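**Q** Output the structure for:
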Amino acid sequence: MKPWLDSIEYIRGVSMAGVVAIHIGSQYLLNPTPNIHLVALFEIVSRFSVPIFFFISAFGLFYRMNLSEPFEYGKFLRRRFKAVLIPYLLWSTFYLLHDNHFYGYQLFPDSDYAAEIYFFGLAKYHLYFLVILIWFYLLMPLWIFFIRRMTPAKLFLLLAAQIAFDYWSSYSILPTSEVYLLQLCLKWRLNWLVLHYVFVFILGGWLGVHSAKFFAWCEEHKKIVGATFFITLTILLGYYYFLIYVRNFSPLEAVNTAHQLSPPGIFYTIAASIFLFTIFQFGKLPAPLKKFLSALGKNSYFVYLAHPLAITYLSLGLGKLGLVMTASNALIFYVATIAITLSVRILSRKFFQAIR
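**A** Below is the predicted model of the structure:
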């Protein structure tokens, strides 16, 4: 049995914090004159957050897997669906009921619309991630087949195909269809189609299988890893500022263009994944920071699921106080969102442990 890697837990925590930053950034963009540099921090620097979850999910799965043994597909699905599908259905239902009460939305106009909501992860803006993850789990035998046969040369070919597909899906005008279901699948393709993140998942799985060689390489090339991370971040930020200053895009338009599926975004995700593994695996982190990262990682699932609720009520409180989402308020809002959801999770765990 391979040892548990604290680095996976730390990356999970950092990624969750990045996802929250993206959603706070969306709130901040409602300000008609946002600080574009703070937008860059919320919406560009954190862009690795969603795809890196797929990376570490695959890494963790294949790190523990023995590819020479038969794969127990039924057992795998039961365990993963218990951890993902059931929470997805429960939280989707909760958010539908909550928003029906809070905003007065019509709950289910018809059964077809209800099926659309659950199938594409539309109950709340962050739940689509779980839909994609479920599809990755359903297709696990396919990923095992690929990773067993994967080579560095094939990875580069897959990367080229990923860049081409994501560019087409993100920036092309897609065809329409008279078939209603097909049109829905095209409309909500970013909410379910695993093809957008196949490379980062396969890369994570392949590196998980070859973890010893991967970590040895990271330790030996720490300077190259760090430099590559900062170069890719600089390029992505440069693209964002180019869109604003040269192409005269609004901050919202720039964010929606310089995203994680853009070519610079894909390279930034890869570099960030390897960089975070390197610093968390081999960096000398202070004990308090390790403790904080561990707390974030252990409770990241709940914070991810619940943070839109905190955002809703903090926004309500901000409005009642007559405050607008200035740069300073946005930063406080971000810290408060994580602090509240993290505290609720930690306190609730302690409470249930105490009453057992």
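**Q** if we look at the helix or strand encompassing residue 212, which residues are touching it?
**A** Element membership of residue 212 [criterion: DSSP states H and E] is helix 211-220. With contact meaning Cβ atoms under 8 Å, 6 or more residues apart in numbering, helix 211-220 is reached by 2, 59, 63, 207, 225, 274, 277, 278, 281, 282. Every residue, glycine included, has its C-beta placed from N, CA and C.
**Q** Who are the contact partners of the first one?
**A** By Cβ under 8 Å, 6+ apart, the contact list for residue 2 reads 63, 64, 211.
**Q** next SSE after the helix holding residue 212?
**A** helix 222-245.
**Q** Now do the helix holding residue 212 and helix 222-245, the angle between them.
**A** Using axes from the mean of the first three to the mean of the last three Cα atoms, to 10 degrees, the inter-axis angle of helix 211-220 relative to helix 222-245 is 80 degrees.
**Q** Mind listing what's buried along helix 211-220?
**A** For helix 211-220, a neighbour-count test (16 or more other Cβ atoms under 10 Å) marks 211, 214, 215, 217, 218 as buried.
**Q** Could you dump those into a markdown table with pLDDT and distance to residue 40 added?
**A** Formatted as a markdown table, those follow (pLDDT from 0 to 100; distance: Cβ to Cβ, whole Å):
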| residue | pLDDT | distance to residue 40 |
| --- | --- | --- |
| 211 | 95 | 33 |
| 214 | 97 | 31 |
| 215 | 95 | 32 |
| 217 | 97 | 31 |
| 218 | 96 | 27 |
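**Q** Centroid-nearest residue for this structure?
**A** residue 50 (1.8 Å; Cα atoms, centre = their mean).
**Q** So which elements touch the host helix or strand of that one?
**A** Under the criterion of DSSP H and E, residue 50 resides in helix 49-64. For helix 49-64, the packing partners by 3 or more Cβ pairs under 8 Å, 6 or more residues apart in numbering; DSSP states H and E come out as helix 6-28, helix 128-138, helix 140-148, helix 198-209, helix 263-282.
**Q** Return the most buried member of the ones you listed.
**A** Stretch with highest mean neighbour count among those: helix 198-209 (a mean of 24; mean count of other Cβ atoms under 10 Å).
**Q** CA atoms only: put it into PDB for me.
**A** Only the C-alpha atoms of helix 198-209 are listed here, as PDB (Å, rounded to 0.1, in the frame of the first residue of the first chain):
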ATOM      1  CA  VAL A 198      -9.600  14.600 -20.700                       C
ATOM      2  CA  PHE A 199      -5.900  15.600 -21.000                       C
ATOM      3  CA  VAL A 200      -5.600  16.800 -17.500                       C
ATOM      4  CA  PHE A 201      -7.400  13.800 -16.100                       C
ATOM      5  CA  ILE A 202      -5.200  11.300 -18.100                       C
ATOM      6  CA  LEU A 203      -2.100  13.300 -17.200                       C
ATOM      7  CA  GLY A 204      -3.000  13.100 -13.500                       C
ATOM      8  CA  GLY A 205      -3.700   9.300 -13.800                       C
ATOM      9  CA  TRP A 206      -0.500   8.600 -15.700                       C
ATOM     10  CA  LEU A 207       1.600  10.600 -13.200                       C
ATOM     11  CA  GLY A 208      -0.200   8.700 -10.400                       C
ATOM     12  CA  VAL A 209       0.900   5.400 -11.900                       C
END
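**Q** Now do that helix against helix 49-64, angle only.
**A** Using the same axes, to 10 degrees: helix 198-209 against helix 49-64 is 30 degrees.
**Q** And for helix 198-209, what's in contact with it?
**A** In contact with helix 198-209 (Cβ under 8 Å, 6+ apart) are residues 51-52, 54-63, 65, 67, 136, 143, 146-147, 150, 155, 158-159, 161-162, 194, 214, 266, 269-270, 273.
**Q** taking the mean pLDDT, what do you get for that helix?
**A** Helix 198-209 shows a mean pLDDT of 98.
**Q** And for stretch 62-74?
**A** 93.
**Q** And that stretch, what's buried?
**A** Across stretch 62-74, burial judged by 16+ other Cβ under 10 Å covers 62, 63, 65.
**Q** of those residues, closest to residue 334?
**A** Lowest distance from residue 334 to the buried residues of stretch 62-74 (Cβ to Cβ) belongs to residue 63, with 31.6 Å.
**Q** Wait, the closest one touches residue 7, no?
**A** No: assessed by Cβ atoms under 8 Å, residue 63 is found out of contact with residue 7, at 10.8 Å.
**Q** Quick check: which ranges of this protein have low pLDDT?
**A** By pLDDT under 70, the weakly predicted segments of the chain are 1, 106-111.
**Q** now do 80
**A** Along the chain, the parts satisfying pLDDT under 80 run over 1-2, 104-112, 173-178, 356.
**Q** Which helix runs longest in it?
**A** Longest helix in the chain, counting residues (DSSP state H): helix 327-354.
**Q** contacting residues for residue 147?
**A** So residue 147 contacts 62, 67, 202, 205, 206, 209 (Cβ under 8 Å, 6+ apart).
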